[in-house]
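In: next comes the sequence, and after it the predicted model I'd like to discuss.
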Amino acid sequence: MRNADYMRRCFDLAKKGFRYTGQNPIVGAILVYENRIIGEGYHEAYGGPHAEVNCFQNVRTKDEMLIHKAKLYVSLEPCSFHGKTPACSTLIIKKKPVAVVVGCLDPNPKVSGKGIEALRQNNIPVQLGILEEEAKSLIKKFKINHFQKRPLIALKWAQSKYRYAGLRDQSIWFTNQYSRVKAHQLRGQFESIMIGVNSVILDNPKLDNRLGIGPSPQKIIIDPRARVPIDSQMLSYGENTIVISKVQAKTTDSSRCKWIQISDDSWNWNTIFRRIFQEGITSVLVEGGPTLQTTIIKEGLWDEAHVLSSKHPLQHGIRAPKVEGRRLDHVTLADDEYLSYRQRIGLVFYEVSKPHPTCIDYVLVIIFWQTSTCCATDQRYSLRLHCFASARIRQHLGFEHRKRCDYE
Ligand SMILES: NC(=O)c1ccc[n+]([C@@H]2O[C@H](COP(=O)([O-])OP(=O)(O)OC[C@H]3O[C@@H](n4cnc5c(N)ncnc54)[C@H](OP(=O)(O)O)[C@@H]3O)[C@@H](O)[C@H]2O)c1
Ligand SMILES: [Zn+2]
């Protein structure tokens with residue numbers, strides 16, 4: 001097998017941790033000796049052992065003497081600092097595999113490159129950049145959490161053949177049982193699930209994960225004027241639900257409901273998602289309705305979209321949202337279709353030298369996936385232009401000045 005095949009195995013292992021690693025990146029690692037995987041592991045839970053530690057620990061006793069002859073594959077650069085757990089680079093240096101193959105560097109400027117440097121200084125050869133683009137996109141949630149201080153935001157909706165998502169006064173069901181399982185599988189992958197108050201009133205959903213693998217997500221209702229019915233299933237059934245509102249709490253059973261008030265002045269999607277992140281929530285699946293999703297799309301605040309498209313003939317009512325994104329997946333589910341998209345824009349911050357004491361010293365550069373062109377220059381005119389874009393977009397998205405951190 002080739003390096004790339006082994007790295008793909010690391011990616012598959014890493015993905016198992018998606019729902020549980022919180023703000024940490026998902027990482028997978030394997031040890032290979034003479035084309036045989038003798039150990040594998042992944043970062044299973046926030047605060048728990050890292051992928052490399054689990055990988056070494058999972059080597060069978062009879063294979064332990066092969067570790068120093070084996071190659072270690074890891075999807076992300078091994079850490080070089082003592083955080084909640086000891087540094088993985090120290091452990092690797094102790095175990096001394098013949099070589100280490102790394103998917104991509106840690107994007108955190110404080111640690112980036114240091115893990116690899118430590119290995120090389122201890123005479124362990126390192127090969128960097130195997131399936132680098134895939135390795136980078138694997139840690140997308142980590143980068144969004146770490147650099148933007150907000151959760152990863154995914155939209156999910158079902159639509160009719162003519163791209164309608166519902167009626168104003170009546171609940172309607174579009175999709176088949178396979179789509180329903182797919183929808184529940186998605187719920188199992190996200191820490192939280194968000195819905196607008198109109199959808200609560202009309203559909204009265206439970207919003208749990210009854211058919212997919214994994215736990216049910218934390219439920220969140222966006223309800224600016226406190227219209228949510230106290231006896232709705234989301235407030236009276238199952239676990240705690242968060243209600244985000246502009247006004248004071250309705251009298252609810254406080255053990256079932258956490259009421260978060262955001263003033264009218266600071267009410268915008270950026271504040272709402274940052275507030276959710278402060279609750280320790282690192283991913284949100286926005287299930288509707290279309291009003292909620294359309295306003296999020298307008299603000300450019302979505303990262304993924306998951307669309308279940310049916311043959312239902314509805315051709316009036318509320319229009320389904322529309323995204324312009326890079327298509328990730330397209331699966332046929334009997335007479336339904338599942339499509340997923342990723343936001344096309346990547347944002348990169350560059351530090352530039354200050355041409356004038358009053359000039360802002362960071363520029364925001366926008367890279368479009370399609371063209372991969374970079375519109376940054378250090379000429380005075382461009383600099384001003386991009387600073388303007390930077391300020392405007394930062395205002396929307398709540399970015400802060402940073403040194404060369406990139407986000408995919
Ligand atoms: N096809 C699907 O996948 C799907 C999924 C869910 C729901 N639906 C359908 O969609 C329909 C309901 O959708 P909807 O678009 O009318 O309502 P919705 O998105 O569920 O809720 C809209 C309400 O949420 C509040 N809200 C949303 N965005 C806001 C923002 N940016 N700022 C302030 N408040 C905001 C407002 O409440 P206030 O008016 O109180 O200010 C607004 O009226 C139903 O027919 C439902 O069955 C379809
Ligand atoms: Zn580590």
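Out: Received it, and whenever you're ready, just let me know what you need. Ligands and ions are numbered 1, 2, ... in the order given.

In: ligand 2 contacts on the stretch 101-250 of the chain?
Out: The stretch 101-250 of the chain comes close to ligand 2 at no residue, as judged by Cβ under 5 Å from the ion. C-beta here means a position set from N, CA and C on the backbone, and glycine is covered the same way.

In: contacts only, for the residue positioned nearest the centre of the chain.
Out: Most central in the chain under Cα atoms, centre = their mean is residue 141, positioned 2.9 Å from the mean C-alpha point. Going by Cβ atoms under 8 Å, 6 or more residues apart in numbering, residue 141 touches 18, 25-26, 152, 282-283.

In: can you rerun that using 7 Å?
Out: By Cβ atoms under 7 Å, 6 or more residues apart in numbering, the residues touching residue 141 are 152, 282-283.

In: confirm it sits in a helix?
Out: Yes: assignment of residue 141 by DSSP: H, G, I helix; E, B strand; the rest coil places it within a helix.

In: any idea how far it is from ligand 2?
Out: 17 Å (Cβ to the ion, to the nearest Å).

In: possible to save the contacts of residue 141 as TSV with pLDDT and secondary structure?
Out: What follows is the contacts of residue 141, written out as TSV (pLDDT from 0 to 100; DSSP: H, G, I helix; E, B strand; the rest coil):
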residue	pLDDT	secondary structure
152	97	strand
282	96	coil
283	97	strand
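
In: now, of those, which are buried?
Out: Buried residues within the contacts of residue 141, counting neighbours by 16 or more other Cβ atoms under 10 Å: 152, 282-283.

In: now, among the residues you listed, which is nearest to residue 88?
Out: Using Cβ to Cβ, residue 282 is the member of the buried ones among the contacts of residue 141 that lies nearest residue 88, at 21.4 Å.

In: gap between stretch 256-264 and the chain center?
Out: Distance of stretch 256-264 from the chain centroid (Cα atoms, centre = their mean, to the nearest Å) equals 24 Å.

In: stretch 52-61 too?
Out: Its chain's C-alpha centre and that of stretch 52-61 lie 28 Å apart, by Cα atoms, centre = their mean.

In: what about it, average pLDDT?
Out: For stretch 52-61, mean pLDDT rounds to 98.

In: only C-alpha atoms, please: export that stretch in CSV.
Out: Taking Å, rounded to 0.1, in the frame of the first residue of the first chain, the C-alpha atoms of stretch 52-61 are listed here in CSV:
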residue,chain,number,x,y,z
GLU,A,52,-0.7,8.9,18.7
VAL,A,53,-1.0,7.8,22.4
ASN,A,54,-3.9,5.5,21.6
CYS,A,55,-2.1,4.2,18.6
PHE,A,56,1.0,3.1,20.6
GLN,A,57,-1.3,1.7,23.3
ASN,A,58,-3.2,-0.4,20.9
VAL,A,59,-0.2,-2.3,19.6
ARG,A,60,-0.4,-5.9,20.7
THR,A,61,2.2,-7.1,23.2
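
In: who touches that stretch?
Out: By Cβ under 7 Å, 6+ apart, stretch 52-61 touches 29-31, 38-42, 44, 67, 74, 78, 85, 88, 91-92, 95.

In: which of those are buried? Put it as a ChimeraX command.
Out: A single ChimeraX command is used to select the members of the contacts of stretch 52-61 judged buried by 16+ other Cβ under 10 Å:
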select :29,30,31,38,39,40,41,42,44,67,74,78,88,91,92,95
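
In: quick one, phi/psi of whichever residue of the stretch 101-250 of the chain sits closest to ligand 1?
Out: Nearest to ligand 1, among the residues of the stretch 101-250 of the chain, is residue 196, at 2.3 Å (Cβ to the nearest ligand atom). Here is the backbone geometry of residue 196 (degrees, to the nearest 10): phi -80, psi 160.

In: for it, which non-adjacent residue is closest in space?
Out: Leaving aside its sequence neighbours, residue 196 sits nearest to residue 292 (Cβ to Cβ, 6 or more residues apart in numbering; 4.1 Å).

In: where's the one you found, which helix or strand?
Out: Here residue 292 sits within helix 290-298, counting by DSSP states H and E.

In: who touches the next helix or strand after that helix?
Out: The helix or strand immediately downstream of helix 290-298 is strand 304-309, counting by DSSP H and E. Contacts with strand 304-309, where a contact means Cβ under 7 Å, 6+ apart, come from 154-159, 175, 179, 182-183, 186, 323, 325, 336-342.
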